[in-house]
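I would like the atomic coordinates for the input below:
(one chain, ligands or ions: 1)
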Amino acid sequence: MPRESDHTVPNSAAPETESAETTPESASKPLLAVDTLDVHYGKIHAVRGVSFAVASGEIVSIVGANGAGKSTIMWALTGVVRSSGGRVLWDGEPLPKSPHEVVRKGLALVPERRRLFAPLTVRENLVMGAYLRKDKNVDKDYERIFTLFPVLRQRLGQLAGTLSGGEQQMLAISRALLSAPRMLLFDEPSLGLAPRIVEQLMETIVELRKSGITVLMVEQNAVQALEISDRAHVLEAGALVKGGTGRELLDDPAVRCAYLGEIAQDATA
Ligand code: ATP
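Numbers count the residues shown, from 1 in each chain. Sure thing, here's the model as predicted:
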């Protein structure tokens, strides 16, 4: 098994696999433990033996280029696609494979491009988020959302498709929060948003963590994600090739060169 320091990320056609023993959280019982996950689309091997863990209260990011397999990992976790190998443990137990059971367990996805019900109102989108709830705390959770995003209260009757990009992201997060999750999965949350809105979004994610929600995020635009992440991994051609704290990856010249848009000589200067 190669040491992480041996990796020459990125741009290698056949990436080495990140060493499992370098994930310190795997020693304690994590909330989410992904063990040698494989996903195939026919002959395409989209996710290759991916292992990582997320401890309760952490923000963990997976960064990678277009087509690296980030969304596929999210879809496999939430039961939208079937894995072809490996296992996923949630609080020490196998995670169910059907999407609604995954939501019931406390894992909610904020999907790429929001995937709101555009012709429905903000209120109707929120109601969909709470659809599986039978407990009596739903009203409290609505109040929590309107405290987090006051603009949504004013827009309850507006069609979701007519909201700004930032407002749509607020609605997508709120819809996920209304399922009362323990962990939120963010699939490319910054996609299509102005830098100022992305900054606010990252602040929101930090606030959510403070409120007790664990976060797993996949991102192509890595800077802001790494800045707020306790730990992060680099995904390349379906395999994790490097891992460390968010800070370590931000400071890594190879990562900076490949994912943060710096040219090589700047990265090593
Ligand atoms: P992006 O940021 O562009 O969404 P990604 O890192 O999320 O990229 P995935 O969308 O997970 O990557 O795709 C991983 C690989 O699987 C790609 O090669 C993609 O073409 C392929 N793929 C994804 N969905 C399907 C599908 N439904 N059928 C066949 N191949 C697919």
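
only C-alpha atoms for contact and neighbour calcs from this point on.
Noted.

if I look at Leu32, how far off is the ligand?
19 Å (Cα to the nearest ligand atom, to the nearest Å).

for Pro253, same thing?
Taking Cα to the nearest ligand atom, one finds Pro253 at 21 Å from the ligand.

give me the pLDDT for that residue.
pLDDT, Pro253: 87.

OK, contacts around the nearest residue to Pro189 once chain neighbours are set aside?
Distances taken as Cα to Cα, 6 or more residues apart in numbering place Glu112 nearest to Pro189, at 6.5 Å, with adjacent residues excluded. Going by Cα atoms under 8 Å, 6 or more residues apart in numbering, Glu112 touches Ser71, Phe186, Asp187, Glu188, Pro189, Leu191.

so which of these are in helices?
Ser71 (DSSP state H).

intersect the contacts of Glu112 with the contacts of the ligand.
Ser71 (Cα under 6 Å from any ligand atom).

of the contacts of Glu112, select the buried ones using a ChimeraX command.
Selection of buried members from the contacts of Glu112 for ChimeraX, criterion 16 or more other Cα atoms under 10 Å:
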select :71,186,187,188,189,191
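
can you put the contacts of Glu112 in TSV and add pLDDT?
Below are those laid out as TSV (pLDDT from 0 to 100):
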residue	pLDDT
Ser71	94
Phe186	95
Asp187	93
Glu188	89
Pro189	88
Leu191	84
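
now, among the contacts of Glu112, which is nearest to the ligand?
Relative to the ligand, the closest of the contacts of Glu112 is Ser71; by Cα to the nearest ligand atom it sits at 3.6 Å.

look up how far Leu216 lies from the closest one.
12 Å (Cα to Cα, to the nearest Å).

also Leu226?
In terms of Cα to Cα, Leu226 sits 12 Å off from Leu216.

ditto for Arg123
26 Å.

settle it for me: which of these two has more neighbours?
Leu216 (22 against 18; other Cα atoms under 10 Å).

check which helix or strand that one maps to.
When elements are assigned from DSSP states H and E, Leu216 belongs to strand 214-219.

distance between the following helix or strand past that strand and the chain's centre?
Counting by DSSP H and E, the next helix or strand C-terminal to strand 214-219 is helix 222-228. For helix 222-228, the separation from the chain centroid amounts to 12 Å (computed by Cα atoms, centre = their mean, to the nearest Å).

per-residue pLDDT, the most centrally placed residue in the chain?
Among the residues of the chain, the one closest to the centroid is Met217, at 2.1 Å (Cα atoms, centre = their mean). At Met217, the model reports a pLDDT of 96.

got a list of what it touches?
Ile59, Val60, Ser61, Ile62, Leu185, Phe186, Asp187, Glu188, Pro189, Ala225.

next up, the contacts around the second one.
If I follow you right, that is Val60. Taking Cα under 8 Å, 6+ apart as the test, what Val60 contacts is Val54, Val215, Leu216, Met217, Ser229, Asp230, Arg231, Ala232.
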